[in-house]
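Trainee: after the sequence you'll find the predicted model.
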There are 2 protein chains.
Amino acid sequence: MVSIKDIAKQAGVSISTVSYALNGSDKVTEETCARILAIAKELDYVPNAAARNLKKRETKIIGVFLTDFRGDVYGDLLYGIKEILNRKEYDLIVCSGKQSHRMLPERMIDGAIVLDQTFDSEELLSYAERGHKIVVLDRELNHPHINQVLLDNKAGAALAIEHLLELGHRKLYVVTGPDGSYDSWQRMQAVKQTVERSGTAELIEIHGNFEKSGGEHAAETILRQHVSPDSGPIAVFCLNDEMAVGFYNRMAESELIIGKDIHIVGFDNIELAQYIQPRLTSINYSKTKWGAVAAEQVLKIIAGEDVEHERLYVTLVQRESAGTVFIP
Amino acid sequence: MVSIKDIAKQAGVSISTVSYALNGSDKVTEETCARILAIAKELDYVPNAAARNLKKRETKIIGVFLTDFRGDVYGDLLYGIKEILNRKEYDLIVCSGKQSHRMLPERMIDGAIVLDQTFDSEELLSYAERGHKIVVLDRELNHPHINQVLLDNKAGAALAIEHLLELGHRKLYVVTGPDGSYDSWQRMQAVKQTVERSGTAELIEIHGNFEKSGGEHAAETILRQHVSPDSGPIAVFCLNDEMAVGFYNRMAESELIIGKDIHIVGFDNIELAQYIQPRLTSINYSKTKWGAVAAEQVLKIIAGEDVEHERLYVTLVQRESAGTVFIP
DNA sequence: TTGTATGCGTTATCAT
DNA sequence: ATGATAACGCATACAA
């Protein structure tokens, strides 16, 4: 492995001069600088990250922590993060699983962006307490070193429920996320509020898990309860699209037709939403922007700037799964 | 930042004793070891990765390099990689973009798994030449430090073409990937061979790009050439599913019906394939296993073991997009 | 069993 | 403008 020592020897200068030259300091003659750079290139010199990190106490890398690597949301989110980070000479690494948490306290990364419910809030707080910089996308957490960039879950859920109410529904099934999910909890809050405010509507909560299986189970539950298909269409709000897909799958085996017998709305507007039949009405938000804002925030915290929690707006995307007007 | 020096001071021992204790060496009394560990925990000690990496010249991290973070293939692939690596005490980081290549030469990772055509083969070879360990999933590259884990592209393409031939087609449209794509090139080789071997069939190549837009363009090209819809169904083999989806999108605006007027086969069997209507016949392979094998190989190279190039088998998944028998 | 000392490759502070 | 040198935090060969 060729180090600055080798370059120094070759160039007949000291290692400090080499270091200055490589880092573009103006404390060295253009001439020697050029000579050193030439030798470095010739020797195929590459700096050693470990040594630099050890000395500088920074890595110029931001870690993104995800529950898993699947999931449609991540692609665009990561793209948004990467765009911003690269522009500021930072690199991005994506991690998943408890084992990888060490990257933060061991100082392999300068900051973290977390979208992973399985990452304990207490653990995060303890890292923040140690001085590590964190942006969370999936919970409320207050600490000088932690910033939040959250979806406007409440607005989204309200939009969904209002849409179903406008279609004339007075009985609403809502399929929730897993216990402990901040997004699910917040969306449910808004659901309840909106339903209550409507006065007349009835709310039936079905426990889900944000995965396809949750939607399948919900479909079965509803099929059991709704024996007569002539009692008018059924309204369903799945708190994410993934479950709506599972719901579709199970319903395909029944006699009920989505869009006609069942009006369903999802949340996230994943790519699949526009390909399943009928196309799924859903709550949309810019995943790219979400990532971009998160990246900006984490860099600001690192730079010591003041930051305020951010909130991303959402919109309703109307499609055929719940598009037709229905007055009972 | 608390270091072993602080622990040593607190425990009244030397830093080497602390180091031994923390690394579970048997050169230290159980008693002192326990005492040191207790102090370490109390002080909330976390080792500094940079210092350890600098000294040990290894990071226990494997980097995976992808073209982008979108793409359905990646989720399962990464899952397969992670499973194996975590089992062997290795961590996984996912990177994308030229900027992140530095991770390898700067020794931030012990090895790389590459599925990214934009990663120059020459660059990879130069890294291998410097002693870095690499597994490639998307090209043939021979070097003692490089191993290949490739799909059986030829078998897959042959399966697809044979299926269309069996349906009775004698005129086959094939939508290729971008120039320079190894997968596309190999699949085309097999396509040509299989068509030639059939004797009677005619092959029409349409240049694509492995993205949705490629499929859309291909659909337009075919719509222009095929003015009369009564000349029997058209056979299309998209060299990946993503393009097939684009093809569907464009065809939805025409009068031709996929599965009836058009028989189409894809490659990759992405999740969407089973949700678009009609469901897409495709070439399937285990993405999880692909990742697992790649991870095993890179660890073997690192361990200095001999490895041989691996090849993953593929199968045809018949669905309705090209299911019906058709004899002209 | 424990302590001393050295070096990993860099950066950065002082002299010169 | 350049050089000598001291850290950074850890692992380890060698001494005691």
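Mentor: It's in.

Trainee: going forward, measure contacts between C-alpha atoms and count neighbours the same way
Mentor: OK.

Trainee: for DNA strand D, what are the nearby residues on the stretch 101-250 of chain A?
Mentor: Not one residue of the stretch 101-250 of chain A sits near DNA strand D, judged by CA under 7 Å from any atom of the strand.

Trainee: and the residue of the stretch 101-250 of chain A closest to DNA strand D?
Mentor: The nearest approach of the stretch 101-250 of chain A to DNA strand D comes at A:E106, 8.4 Å away (CA to the nearest atom of the strand).

Trainee: so that residue sits against B:A51, correct?
Mentor: No: using CA atoms under 8 Å, A:E106 makes no contact with B:A51, being 9.8 Å away.

Trainee: burial of the residue of the stretch 101-250 of chain A closest to DNA strand D, as a residue count?
Mentor: Using other CA atoms under 10 Å in any protein chain shown, A:E106 has 16 other residues around it.

Trainee: how about it, secondary structure?
Mentor: Using DSSP: H, G, I helix; E, B strand; the rest coil, the structure places A:E106 in coil.

Trainee: how about the contacts made by it?
Mentor: Neighbour list for A:E106: B:V46, B:P47, B:N48, B:A49 [criterion: CA atoms under 8 Å, 6 or more residues apart in numbering or on different chains].

Trainee: any idea how far it is from A:A160?
Mentor: Applying CA to CA, to the nearest Å, the value for A:E106 to A:A160 is 43 Å.

Trainee: ditto for A:A11
Mentor: Distance of A:A11 to A:A160, given as CA to CA: 69 Å.

Trainee: neighbour count for those two, which is higher?
Mentor: More crowded of A:A11 and A:A160, by other CA under 10 Å: A:A160, with 30 against 19.

Trainee: can I assume A:K9 sits in a helix?
Mentor: Yes: checked against three-state DSSP, A:K9 lies within a helix.

Trainee: what about it, neighbour count?
Mentor: 12.

Trainee: do the same with A:I81
Mentor: Quick note: A:I81 (other CA under 10 Å) scores 25 neighbours.

Trainee: residues touching stretch A:136-154, excluding its own?
Mentor: Outside stretch A:136-154, the residues touching it (CA under 8 Å, 6+ apart) are A:113-117, A:121, A:125, A:128-129, A:131-135, A:182-183, A:186-187, A:189-191, A:285, A:290, A:293-294, A:297-298, A:301, A:307-314.

Trainee: in strands, which of those residues fall?
Mentor: Counting by DSSP state E, the contacts of stretch A:136-154 place A:I113, A:V114, A:L115, A:K133, A:I134, A:V135, A:E310, A:R311, A:L312 in strands.

Trainee: ok, and the closest non-adjacent residue to A:A40?
Mentor: Spatial nearest neighbour of A:A40, excluding adjacent residues (CA to CA, 6 or more residues apart in numbering or on different chains): A:I7 at 6.2 Å.

Trainee: just the pLDDT for the one you found.
Mentor: Here the pLDDT value assigned to A:I7 is 94.

Trainee: what's the answer for A:H226, then?
Mentor: So, for A:H226, pLDDT stands at 73.

Trainee: gap between it and chain B?
Mentor: To chain B, A:H226 is 26 Å away according to CA to the nearest CA, to the nearest Å.

Trainee: cool, and A:G180?
Mentor: For A:G180 relative to chain B (CA to the nearest CA), the value is 24 Å.

Trainee: near the residue nearest to that residue when sequence neighbours are not counted, how many other residues are there?
Mentor: Distances taken as CA to CA, 6+ apart place A:Q117 nearest to A:G180, at 7.9 Å, with adjacent residues excluded. Other residues within reach of A:Q117, judged by other CA under 10 Å, total 17.

Trainee: A:T288 and A:K82 touch, don't they?
Mentor: No: using CA under 8 Å as the test, A:T288 is too far from A:K82 to be in contact (9.6 Å).

Trainee: so for these two, which residue has more residues nearby?
Mentor: A:K82 (25 against 20).

Trainee: what distance do you get for that one to B:C95?
Mentor: 10 Å.

Trainee: again with A:P105
Mentor: Per CA to CA, A:P105 is found 20 Å from B:C95.

Trainee: and A:R139, by the same measure?
Mentor: 26 Å.

Trainee: neighbour count winner among these two?
Mentor: Counted by other CA under 10 Å, A:R139 and B:C95 do not tie: B:C95 has more neighbours, with 24 against 20.

Trainee: is it true that that one lies in a strand?
Mentor: Yes: B:C95: assigned to a strand according to three-state DSSP.

Trainee: in chain A, which spans are strands?
Mentor: With DSSP E as the criterion, chain A has strands spanning A:61-66, A:91-96, A:111-115, A:133-136, A:146-151, A:171-175, A:202-206, A:234-238, A:262-265, A:282-284, A:310-312, A:315-317.

Trainee: tabulate those strands (CSV), appending distance to B:L256.
Mentor: Listed next are these as CSV, based on distance: least, CA to CA, whole Å:
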stretch, distance to B:L256
strand A:61-66, 42
strand A:91-96, 43
strand A:111-115, 43
strand A:133-136, 48
strand A:146-151, 41
strand A:171-175, 38
strand A:202-206, 41
strand A:234-238, 34
strand A:262-265, 29
strand A:282-284, 29
strand A:310-312, 41
strand A:315-317, 28
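
Trainee: quick check: pLDDT value at the nearest residue to A:A21 once chain neighbours are set aside.
Mentor: Once flanking residues are discounted, A:A21 sits nearest to A:C33: 5.0 Å by CA to CA, 6+ apart. At A:C33, the model reports a pLDDT of 93.

Trainee: surely A:C33 and A:S25 touch.
Mentor: No: the criterion here is CA under 8 Å, and A:C33 misses it with A:S25 at 9.0 Å.

Trainee: name the residue in those two with the higher neighbour count.
Mentor: A:C33 (22 against 13).

Trainee: against A:K5, how distant is the more buried one?
Mentor: According to CA to CA, A:C33 stands 15 Å off from A:K5.

Trainee: how many neighbours does the residue nearest to A:Y127 when sequence neighbours are not counted have?
Mentor: Closest residue in space to A:Y127, ignoring its immediate chain neighbours: A:P105 at 6.6 Å, by CA to CA, 6+ apart. Neighbour count of A:P105, defined by other CA under 10 Å: 21.

Trainee: surely A:P105 touches A:E129?
Mentor: No: using CA under 8 Å, A:P105 makes no contact with A:E129, being 10.7 Å away.

Trainee: neighbouring contacts of stretch A:185-197?
Mentor: By CA under 8 Å, 6+ apart, stretch A:185-197 touches A:153-158, A:161-162, A:176-177, A:201-203, A:239.

Trainee: of those residues, buried ones?
Mentor: Buried subset of the contacts of stretch A:185-197 (neighbour count, 16 or more other CA atoms under 10 Å in any protein chain shown): A:N153, A:K154, A:A155, A:G156, A:A157, A:A158, A:I161, A:E162, A:T176, A:G177, A:L239.
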